[in-house]
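J.: Got a predicted model here, sequence first, then my questions.
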Amino acid sequence: MPGVTVDTRAEGGTALQFSRVLVTGASSQIGRFLLPLFARSGIQVTAVSRSGRGPLVKGPRWIAADLSGWVDWSALAPVDAVIHLARLPLLNAHLAAMAELGVRRVLAFSSTSRDTKAESPNPQERVIAAALAGAEEQVAQTCDRLAIAWTLFRPTMIYGAGLDQNVSFIARWLRRSPWFPLAGGGTGRRQPVHAQDLAQACLDALPAQATYGRIYALSGGEILPYRTMVERIGAAIGRQPRFVTLPTGLLRLLLGIACLWPQARHLTPEMADRMNGDLVFDWSAAKRDFGYCPRGFRLEPADLESGGNVPLGGRA
């Protein structure tokens, strides 16, 4: 049977086959790259999204489900593993029903925001960080109780499908105006990570026993200052940013006003503070345990576009 196999016979167990996988949040930017990878690997995928639709990839069976409420999982065929790409706090309530489907393996995504926003002056950001921390603990405890092997990923700033509110937002800004505001020198270091590298991490970690019961930071393969990141984004769309250096307090004020605009609700004054703070994470444990090897921050125009299909070819 096609799929991926982890051999546990050396520890006295039997070989575990992961050929039937449930992917929640499958229409997300990671899902756009993960579904083609699974299709090439011969893995049978049931893809879940709120609309029941997603990128046009051959193979997956799509179902509509809102994980914030009750879901009748009993109607599904048996499932070996779950890749949870939706918000982590939504997962725990569904684990018992998933176990009844035969799930023995769970890979789920948290975020490095769990750490970077834990002490934020912004109460909403602190709530987000606390919710992630609580969800990580709940998922680990529930999976242990249900004898499900779990792995959690904490990615940094994700880009690659034009669906993010960081790299793609900066690109949209630069398309409208060459002027880009910076707090101070914009020297804070960043590690943007491509969604395709995160999708590959799911495929590689799925059968890797070394990842059971572990949490990994998944950052990008290059560390660069915030200002340089903006310059790279501009180069990808043929725009050279003209930086306007502002005092941090003034930029905080402007961001507080800008977030009243519906298309900029994700902005917060604290973003100005972080422009000169390092958000750097070590991914060496992921490399050791399942061969994680992320690319540098090399942008192509397609990385900033949300339309179209993801090709079934190799890594972009």
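T.: Happy to help now that I have it.
J.: which non-adjacent residue is nearest Cys259?
T.: Residue nearest to Cys259 in three dimensions, not counting chain neighbours: Leu267, with 4.4 Å by Cβ to Cβ, 6 or more residues apart in numbering. Placement of C-beta: from N, CA and C, glycine included.
J.: tell me the contacts of the nearest residue to Ser28 once chain neighbours are set aside?
T.: Once flanking residues are discounted, Ser28 sits nearest to Leu85: 4.8 Å by Cβ to Cβ, 6+ apart. Under the criterion of Cβ atoms under 8 Å, 6 or more residues apart in numbering, the neighbours of Leu85 are 23-26, 28, 30-31, 34, 109.
J.: rerun that using 7 Å as the cut-off
T.: 23-26, 28, 30-31, 109 (Cβ atoms under 7 Å, 6 or more residues apart in numbering).
J.: Pick out the most distant pair among these.
T.: Taking Cβ to Cβ, the two most distant members of the contacts of Leu85 are Ala26 and Phe109; they sit 12.6 Å apart.
J.: Looking at these two, which has the bigger crowd around it?
T.: Ala26 (27 against 24; other Cβ atoms under 10 Å).
J.: Name the spans of the chain whose pLDDT lies under the cut-off.
T.: Scanning the chain for pLDDT under 70 picks out 1-17, 54-59, 306-316.
J.: buried ones in the lengthiest helix in it?
T.: Looking across the chain with DSSP state H, the single longest helix is helix 123-145. For helix 123-145, the neighbour count (16 or more other Cβ atoms under 10 Å) marks 125, 128-129, 132, 135-136, 138-140, 142-143 as buried.
J.: What are the contacting residues of it?
T.: For helix 123-145, the surrounding residues in contact (Cβ under 7 Å, 6+ apart) are 88-89, 91-92, 95, 106, 108, 110-111, 113-114, 117-118, 120, 150, 152, 215, 268, 270.
J.: Between the two ends of stretch 175-183, what distance do you get?
T.: End-to-end span of stretch 175-183 (Cα to Cα, to the nearest Å): 21 Å.
J.: gap between that stretch and the chain center?
T.: Centroid separation for stretch 175-183 versus its chain: 26 Å, with Cα atoms, centre = their mean, to the nearest Å.
J.: what do you get for stretch 249-256?
T.: 28 Å.
J.: CA atoms only: put that stretch into CSV for me.
T.: Extracted in CSV, the C-alpha atoms of stretch 249-256 (Å, rounded to 0.1, in the frame of the first residue of the first chain):
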residue,chain,number,x,y,z
GLY,A,249,6.8,56.0,19.5
LEU,A,250,5.6,57.8,16.4
LEU,A,251,5.4,54.6,14.4
ARG,A,252,3.5,53.0,17.2
LEU,A,253,1.0,55.8,17.1
LEU,A,254,0.6,55.5,13.3
LEU,A,255,0.2,51.7,13.5
GLY,A,256,-2.5,52.1,16.1
